[in-house]
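Enquirer: Have a look; sequence and predicted model below, questions after that.
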Amino acid sequence: RESGLPPGPPTMPLLGNLHIFPTEFAHYKFSEWARTYGGIYSLKVGPGTAIVLTDAAAVKELMDKRSGSTADRPPMHVADVVAGGLNMVLSRYSESWRTLRKTAHTILTPQASAKHLPIQLAEASQLLHDILCRPEGFYNHIRRYANSVILSVLYGKRAPRYETRETTAFFRAQHEWELVLEPGATPPIDLIPILKYVPERWAKWKQDCAKTREMQRKLYFGLLDETKERLGQGEENGSFMEEILARQDELGMDREMTGYLGGVLIEGGSDTTSYYLQSLILALVAYPDAQRKAQEEMDRVVGDHRMPTLDDLEEMPYIRAMILENHRFRPVAPLLVPHGALADEEYKGFLIPKGCTIFVNMWGIFHDPELYDDPENFVPERYLLSENGTKPGVDGSDLRPNLPFGVGRRVCPGIHLAQNSININAMNLVWAFNFTPDTDTQGNPIPLDTLDYHKGILTGPRSFKCKITPRSAGKADIIEHEFLEAADTFSKFEFGLSEEDKEFVMKSRARH
Ligand code: HEM
C-alpha cells in the first residue's frame, strides 16, 4: 500500500488484497471492513487501488462537490467488447459519454417525465389487474410493468404480456450480459491487459461477449429501425426515440450511439424499478405493522371508492417515509456503480489517487448503527423523525433523500421517471392488497428470508412466495374498471403485436 493512501486490510506481495477481495455481495464485506478501517479505506487490487467510502461527509465532498475528479468509471474491457464503449452506465468519462448523457437529460427532465405519466398510470393499472387475476405471478408482473413502461417511453411500443417478444428478448439478453459481467466470468483482463489477445477458441468469455453483443444489437437496433419505419409512415406517438431521430445531428448522435442509448435506458429502467417494488412487497409481508400503518393512512386520505393519485402523496407522510425506508433497507445498488478518479484528490490527509476505483458503500452507510436506530429492521417511522431518517442527536445533513440514485455527474438520469413509477405503484399496492406470508400445509405462516437477494451490481429479492389478496370486493371492481378505462391510452402504444399478444389484449379487455 503506497504511502498516503487510506488504511486497509494487510496486503500480500503482488496480490495486495486480491486474495480476499469479495466476488459476490461485496457490500457486506465492505461494510464489515468499514468497522475496522473506518469510513475511508483502501484495498490494493494487484497494482491498482480501490477506495471504499462508507462516510456520508466524504461522499458529499468527494463524489458530489468534487465530481469533476470522480466521475469516471473504471476500465471495463468486456463493456467495450459488448457495446463498443457506448453503454452509458459503464462508459468512461469521455466525449461520447457526455453526448449520450446530454441526450438522455433532454428527455428525462421532470417536465419530460411528466409527459410519460399517462402510460405509467395505465401500466400501473394493468399491474394491479395482473396481480388481482394471478397473484402468484406478481414477481414477473412487476418485471413486465417496468419493462413495458420503458419500452413505451423510448419506442412508443408496449409489452402487454411478460411473454411479449421484446420483453422476452430483453430479459434473455440481460441474463447473458449479467453472466458476462459476473466477477470471475472473465480472467482479470483489466489488470493484465495481455489477456485480451488470447485467441477466441481458448477464451470462452470472448464467445460469451459476442453472443451478448449479438442479442443486444438485434433487439436495440431492431426497435430503433421499427421506430424509424413508423416515422416514415407518418405514425408518430411522441416517443423518446422519435425525438432523438428528429434531432440526431443537432445532438451529435449517430446510429450506433442512438441504438445503444435506447438499450442502456431499457437496461437502466427495467430491473432497477422491479427490484425496488419487489423489495417493497417483501418488506410489507415481513413487517405487518408497517403495512397496517400505511393502509390506515391510505384509508384516511383516499378511502374505498377511488384509486390513489400522485397528488395524494402530499397528504401521506407515512407512505412517503415507507418509500424512503425501502431505499435504505434494501438499496437497489448497494455500492452504486463503481466510479473512477480522473485526478489525484486529497481528503482529510488521505490520497485518493488518479486512476483508482471508488466504491460508494450505500449499504454500509444505510446500515450504520451510528447513524440509524435499529438499522437492520424496516422502520418507516425513522423518516418521520428526521428528513434523512437518522437517530435523534445525529446530524444527518450530509445525507440526502435521493442518495440511492447516485452521486455527482453520474447521478441516475432516470430518477424522475423512476420516482413516478415508485410513488404510483407503492400507493396503488398499499391501497389495493393485503400482503401476507405463504402458509404450509398446516396453515402455519412460512417466514421469509429478507436477505435472500440476487448477487450483482444491482440487487433485488430472489423470487419469493407470499399471499396477495384484494382488500375488498369494491376495490377489486375499481381495479377492473380502471384497467378497462386504460384501453384508450394503451392503444396508442400497441402496434406490431404478435397474434398471441393481440389475443391476450382482446381477452383481458372483454368486460366480465
Ligand atoms: C428504482 C429505480 C432506480 C434506481 C434506484 C437507480 C439507481 C441508479 C444508480 C445508483 C446509478 C449509478 C449512479 C452513480 O454511479 O453514482 C444509476 C445510473 C443510471 N441509471 Fe438509474 N436507477 C433507477 C432507475 C432508472 C431508470 C428508470 C432509468 C432509465 C430511464 C435509469 C437509467 C440509468 C442510467 C442510464 C445510468 C447511468 C448514468 C451514468 O453513468 O452516467 N435508471 N441509476
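Expert: Done, it's in. Numbers count the residues shown, from 1 in each chain.
Enquirer: C-alpha only now, for contacts and for neighbours.
Expert: Noted.
Enquirer: who in the stretch 1-150 of the chain is up against the ligand?
Expert: Residues of the stretch 1-150 of the chain lying near the ligand by CA under 6 Å from any ligand atom: 88-89.
Enquirer: so how far is the ligand from Ile352?
Expert: 17 Å (CA to the nearest ligand atom, to the nearest Å).
Enquirer: List the contacts of that residue.
Expert: Taking CA atoms under 8 Å, 6 or more residues apart in numbering, we find Ile352 in contact with 5-6, 51, 341, 344-346.
Enquirer: Report the buried members of those.
Expert: Buried residues within the contacts of Ile352, counting neighbours by 16 or more other CA atoms under 10 Å: 5-6, 51, 341, 345.
Enquirer: so Val52 sits in a strand?
Expert: Yes - under DSSP: H, G, I helix; E, B strand; the rest coil, Val52 sits within a strand.
Enquirer: Quick one: residues contacting the closest residue to it other than its chain neighbours.
Expert: Take Val52 and drop its neighbours on the chain: the residue closest to it by CA to CA, 6 or more residues apart in numbering is Phe359, 4.8 Å away. If a contact means CA under 8 Å, 6+ apart, then Phe359 has 50-53, 335-339 as its contacts.
Enquirer: Report the distance from stretch 373-392 to the chain centre.
Expert: 23 Å (CA atoms, centre = their mean, to the nearest Å).
Enquirer: quick thing: my sequence starts at 351, can you match it?
Expert: Right, with 351 as the first residue, what we last looked at is stretch 723-742.
Enquirer: List the buried residues in it.
Expert: 723, 725, 728-733, 736, 738-741.
Enquirer: now these in a markdown table, with secondary structure?
Expert: Formatted as a markdown table, those follow (three-state DSSP):
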| residue | secondary structure |
| --- | --- |
| Asp723 | coil |
| Pro725 | coil |
| Phe728 | coil |
| Val729 | coil |
| Pro730 | coil |
| Glu731 | coil |
| Arg732 | helix |
| Tyr733 | helix |
| Ser736 | coil |
| Asn738 | coil |
| Gly739 | coil |
| Thr740 | coil |
| Lys741 | coil |
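Enquirer: Other residues contacting the helix or strand harbouring His377?
Expert: Counting by DSSP states H and E, the element that carries His377 is helix 376-387. Residues outside helix 376-387 that contact it (CA under 8 Å, 6+ apart) are 357-359, 372, 390-391, 402, 404, 684-685, 711, 713-714.
Enquirer: Just the buried subset of those residues, written out for PyMOL, thanks.
Expert: Typed into PyMOL, the line below selects the buried ones among these, using 16+ other CA under 10 Å:
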select buried, resi 357+358+359+390+391+402+404+684+685+711+713+714
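Enquirer: Taking the contacts of helix 376-387 together, which two end up most distant?
Expert: Farthest-apart pair in the contacts of helix 376-387 is Pro357 and Pro684; separation 22.1 Å (CA to CA).
Enquirer: Keep only those of the buried ones among the contacts of Ile702 that are in strands.
Expert: Using DSSP state E, 401, 695 are the members of the buried ones among the contacts of Ile702 that sit in strands.
Enquirer: follow-up on the earlier one: kindly present the contacts of helix 376-387 as TSV, with separate columns for secondary structure and distance to Arg678.
Expert: Formatted as TSV, these follow (DSSP: H, G, I helix; E, B strand; the rest coil; distance: CA to CA, whole Å):
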residue	secondary structure	distance to Arg678
Pro357	coil	27
Gly358	coil	26
Pro359	coil	27
Pro372	coil	22
Ile390	strand	20
Tyr391	strand	22
Val402	strand	18
Thr404	coil	14
Pro684	strand	9
Leu685	coil	12
Asn711	coil	12
Trp713	helix	8
Gly714	helix	10
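Enquirer: what residues does the stretch 751-862 of the chain put near the ligand?
Expert: Within the stretch 751-862 of the chain, the residues that sit near the ligand (CA under 6 Å from any ligand atom) are 754-757, 760-765, 767-768.
Enquirer: again, only using 8 Å
Expert: Contact residues, the stretch 751-862 of the chain versus the ligand (CA under 8 Å from any ligand atom): 753-769, 772.
Enquirer: Touching, Met694 and Cys706? I think so.
Expert: Quick fix: residue 694 reads Asp, not Met. No - look at Asp694 against Cys706 with CA atoms under 8 Å: they stay out of range, at 9.1 Å.
Enquirer: so how far is the ligand from the residue nearest to Val402?
Expert: Taking CA to the nearest ligand atom, one finds Phe709 at 9 Å from the ligand.
Enquirer: ditto for Gly618
Expert: 4 Å.
Enquirer: quick one: that residue is in a helix?
Expert: Yes - under three-state DSSP, Gly618 sits within a helix.
Enquirer: residues in contact with it?
Expert: Here Gly618 is in contact with Gly764 (CA under 8 Å, 6+ apart).
Enquirer: at 6 Å instead, please
Expert: Residues near Gly618 by CA atoms under 6 Å, 6 or more residues apart in numbering: none.
Enquirer: What of Lys741?
Expert: Contacts of Lys741 by CA under 6 Å, 6+ apart are 722-723.
Enquirer: Give the helix, strand or coil label for the residue nearest to Val402.
Expert: strand.
Enquirer: Likewise for Leu749?
Expert: Under three-state DSSP, Leu749 comes out as coil.
Enquirer: per-residue pLDDT, Leu573?
Expert: Note on Leu573: pLDDT of 96.
Enquirer: Give the closest residue to it in space, chain neighbours not counted.
Expert: In space, Leu573 is closest to Tyr505, 7.0 Å off (CA to CA, 6+ apart).
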